[in-house]
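Undergrad: Attaching a predicted model along with its sequence, questions to come.
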Amino acid sequence: MILSASRRTDIPAFYSEWFINRLREGYVLIPNPYNTNQLSRISLSPQKIDCIVFWTKNALPLLRKLDVIEDLGYKDYYFEFTITAYDDKVEKYLPQKENVIEVFQRLSDRVGTNRVDWRFDPIIINEQFTESWILNRFEQLCKSLAEYTNKCIISFIDIYRHIRSNFTEIPLMVKENIVGNLVGIASAYNLKLYMCSENQDYSSYGLYHSTCIDKEKIESIIGYKLNARKDIGQRKNCGCIESIDIGVYNTCKHGCSYCYATEYSTISRNEEMQYNPCYPILTGYPTGKENIINKKTVSLKDYQYSMDCFKEI
């Protein structure tokens, strides 16, 4: 299986100790997002986990623990690392950009450029964040990040119900103009630019279609072909393969005003107060009233086709 950690929250930034403890214990309990009384018990055996995909805006806490993770038998992983153009008015509790950039560079030096994807995501356009401002910030970030990654993924902001009062849709003509300019800037830094889950086809601008939980990337990392299907739980235009996400919604503490996974009006649910790094659930301990389902997990490796001669070094 592919372990996703996590689209729902920033485990590397806030919950790395919990994650390490789950690996040591060999299992995790994941609440159903629509029915918290239903828990899935997932085995975290190294023999079943083919690759771990980390999603983060600040990998520093986990970077310090990579040796521990590898010593436990989990050597195959990569990072989806988001660094945007915005400051603390939009990303309220993120460290300063120069500090996050340094972490990105250190992480790339540690694991390699193929295992750190840069996400410039989401792109917001309004009176404060104009097209020219976004393009300028993107180029400044390219100067710092291009030599530390092989891939930059972009997408435009999705207007979810809980953020409608703060953001508006970007007209298609504006999107096309931005894409053309971003591709030109990225090309100047020999950086391939990819688009994540957009309905519009931008391939004529030289923009590649992105797959974030990427079958080919994972195969190159682990040295085996995968018997993996498209993840039917994601959006129609998403090309990601199937994975198991161990995060919990409404637990990220970065304070990003555009976030799809955290509705800050609901934080009164006190998930953070229930957190304990020794608990099997990210948000607490089972009460005993939950229905726990043992979810069958298997390795997706095709052992008939080893790619050891192609495996990244």
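TA: Right, received. Where do you want to start?
Undergrad: Residues contacting the longest helix along the chain, please?
TA: Longest helix of the chain, by residue count under DSSP state H: helix 172-188. Applying Cβ atoms under 8 Å, 6 or more residues apart in numbering, the set of residues contacting helix 172-188 from outside is 120, 123, 125, 131, 134-135, 138-139, 142, 146, 152, 154, 156, 192-193, 195, 200, 202, 205-207. C-beta: built from backbone N, CA, C; applies to glycine.
Undergrad: rerun that using 6 Å as the cut-off
TA: With contact meaning Cβ atoms under 6 Å, 6 or more residues apart in numbering, helix 172-188 is reached by 131, 135, 138-139, 156, 193, 202, 205-207.
Undergrad: What ranges does the stretch 151-300 of the chain have for its helices?
TA: Ranges of helices within the stretch 151-300 of the chain are 172-188, 215-222, 271-274, based on DSSP state H, counting those that start in this stretch.
Undergrad: Adding neighbour count, distance to Y249 and pLDDT as columns, could you present the contacts of helix 172-188 in CSV?
TA: Formatted as CSV, these follow (neighbours: other Cβ atoms under 10 Å; distance: Cβ to Cβ, whole Å; pLDDT from 0 to 100):
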residue, neighbour count, distance to Y249, pLDDT
E131, 14, 32, 97
L135, 17, 33, 98
F138, 21, 29, 99
E139, 17, 34, 99
F156, 22, 22, 95
L193, 25, 29, 96
Y202, 21, 30, 90
Y205, 17, 34, 92
G206, 15, 35, 91
L207, 21, 30, 91
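Undergrad: Please report how far R110 lies from W55.
TA: R110 sits 18 Å away from W55, going by Cβ to Cβ, to the nearest Å.
Undergrad: higher neighbour count, the two?
TA: Set side by side, R110 and W55 show unequal neighbour counts under other Cβ atoms under 10 Å, the larger going to W55 at 26 against 13.
Undergrad: and the more buried one, helix, strand or coil?
TA: When the structure is reduced to helix, strand and coil (DSSP: H, G, I helix; E, B strand; the rest coil), W55 reads as strand.
Undergrad: Check it and give its pLDDT.
TA: pLDDT recorded at W55 is 98.
Undergrad: what sits against it?
TA: Under the criterion of Cβ under 6 Å, 6+ apart, the neighbours of W55 are 6-7, 80.
Undergrad: switch to 8 Å and redo it
TA: With contact set as Cβ under 8 Å, 6+ apart, W55 has these partners: 4-7, 10-12, 79-80, 82.
Undergrad: what's near enough to touch the closest residue to I154 other than its chain neighbours?
TA: Nearest residue to I154, sequence neighbours excluded (Cβ to Cβ, 6 or more residues apart in numbering): F120, at 5.0 Å. Contacts for F120 were tallied using Cβ under 8 Å, 6+ apart; they are 82-85, 138, 141, 152-154, 182.
Undergrad: Tell me how many other residues surround N250.
TA: Residues near N250, counting by other Cβ under 10 Å, number 19.
Undergrad: Equivalent analysis for L94, please.
TA: Residues near L94, counting by other Cβ under 10 Å: 23.
Undergrad: how far away is it from D10?
TA: The spacing between L94 and D10, counted by Cβ to Cβ, is 10 Å.
Undergrad: Got phi/psi on L145?
TA: Backbone geometry at L145, expressed as degrees, to the nearest 10, gives phi -110, psi -20.
Undergrad: Surely it and F104 touch.
TA: Yes - between L145 and F104 there is a contact at 6.1 Å, judged by Cβ atoms under 8 Å.
Undergrad: more neighbours, the two?
TA: Neighbours of L145 and F104, each counted by other Cβ under 10 Å, are more numerous for F104; the result is 26 against 21.
Undergrad: So what sits opposite the closest residue to the more buried one other than its chain neighbours in the bridge?
TA: In space, not counting the residues next to it along the chain, F104 is nearest to F81; the distance is 5.6 Å by Cβ to Cβ, 6+ apart. Counting by DSSP bridges, F81 forms beta bridges with T56, W118.
Undergrad: which residues does F81 contact?
TA: Applying Cβ under 8 Å, 6+ apart as the definition, the contact partners of F81 turn out to be 56-57, 59, 104, 107, 116-119.
Undergrad: now do V116
TA: By Cβ under 8 Å, 6+ apart, V116 lies in contact with 78-79, 81, 104, 107-108, 148-149.
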